Every structure is written in structure tokens, then in C-alpha cells.
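Participant: One predicted model, sequence on top.
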Amino acid sequence: MFFSILGGSPYARALVGLGVQATDRGDALRLLQTGLDQAVREQDNAALAAALEGIAAVVLDDGDAERAALLLGSAAAHRVATAQPLSPGERAAAGGVADLHGPAAPLDAALDAAHTVR
């Protein structure tokens, strides 16, 4: 909770960042899911949304466009609801994919969907 005052959870953000950069699918998924859990525990809304976006990229690579759309929709809705927009750098790195998403699922459903990826 202390770090949320200073801008979020360094641990959650590090895990999510490593997950996004990981080249091995299993490592990426494990890091992103662990980062997601830590973001939820420490109430780091930006890291939570980034983790959902990262997991969406993994499942999209697996060909599961429906689950990816659900995760991206929930991440986008969570960013709006918690005033955590993508930074200009994040938006540029996403290359327009950040604007492609499905309808937002309730956050609990998105967390369940993120954790059932294997």
C-alpha cells in the first residue's frame, strides 16, 4: 500500500515488465499472472491493466481472440474507471492494438479469465 502513494507497486510493475519482455510463452504467462496478483494485492491499477493487456497478447498469440478481446476490454475499462490512461510511450508501443478490444467484462471475470490461461 505504501508504494501506491508513490506511484504503484514496484514489484508488480517489475513482474509485468519482465513478462511483457519474456520470449518464452510459459515464462511470460507466469510473470504476468504473478504481477497481476501482486497488482491486485497492492491496489496498483496501472499494473493491473498492463498485466491484463500482457496476458491478452499471450492468448492472442495462441489464437484465442475472444479471450484476448475480453481481457483488453476489461483492461481498457479499468484504465478509464481508475484514471490510468496509457502513457504516450505505451500507446506508441501498442501500435494501435490498444484501441482494439471487446466489451468490458466485470473485473472479477477478467481476473478469472486471466488465471485460467495455461
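Facilitator: Yep, that arrived. Remember, it's a predicted structure, so these values are computed and weren't measured experimentally.
Participant: Quick check: what element follows the least confident helix or strand in the chain by mean pLDDT along the chain?
Facilitator: Every helix and strand in the chain was compared by mean pLDDT, DSSP states H and E; the lowest is helix 2-6, with a mean of 50. Moving toward the C-terminus from helix 2-6, the next helix or strand (DSSP states H and E) is helix 10-21.
Participant: For that following helix, which helices and strands make contact with it?
Facilitator: For helix 10-21, the packing partners by 3 or more CB pairs under 8 Å, 6 or more residues apart in numbering; DSSP states H and E come out as helix 25-41, helix 45-61. In this view, the C-beta of every residue, glycine as well, is placed from N, C-alpha and C.
Participant: Ok, which of the ones you listed comes nearest Arg118?
Facilitator: Smallest distance to Arg118 across those (CB to CB): 8.0 Å, for helix 25-41.
Participant: Now do that closest one: which elements does it pack against?
Facilitator: Judged by 3+ CB pairs under 8 Å, 6+ apart, the packing partners of helix 25-41 are helix 10-21, helix 45-61, helix 107-115.
Participant: Output those helices as a markdown table; include the columns mean neighbour count and mean pLDDT.
Facilitator: Below are those laid out as a markdown table (neighbours: other CB atoms under 10 Å; pLDDT from 0 to 100):
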| stretch | mean neighbour count | mean pLDDT |
| --- | --- | --- |
| helix 10-21 | 19 | 94 |
| helix 45-61 | 24 | 93 |
| helix 107-115 | 17 | 76 |
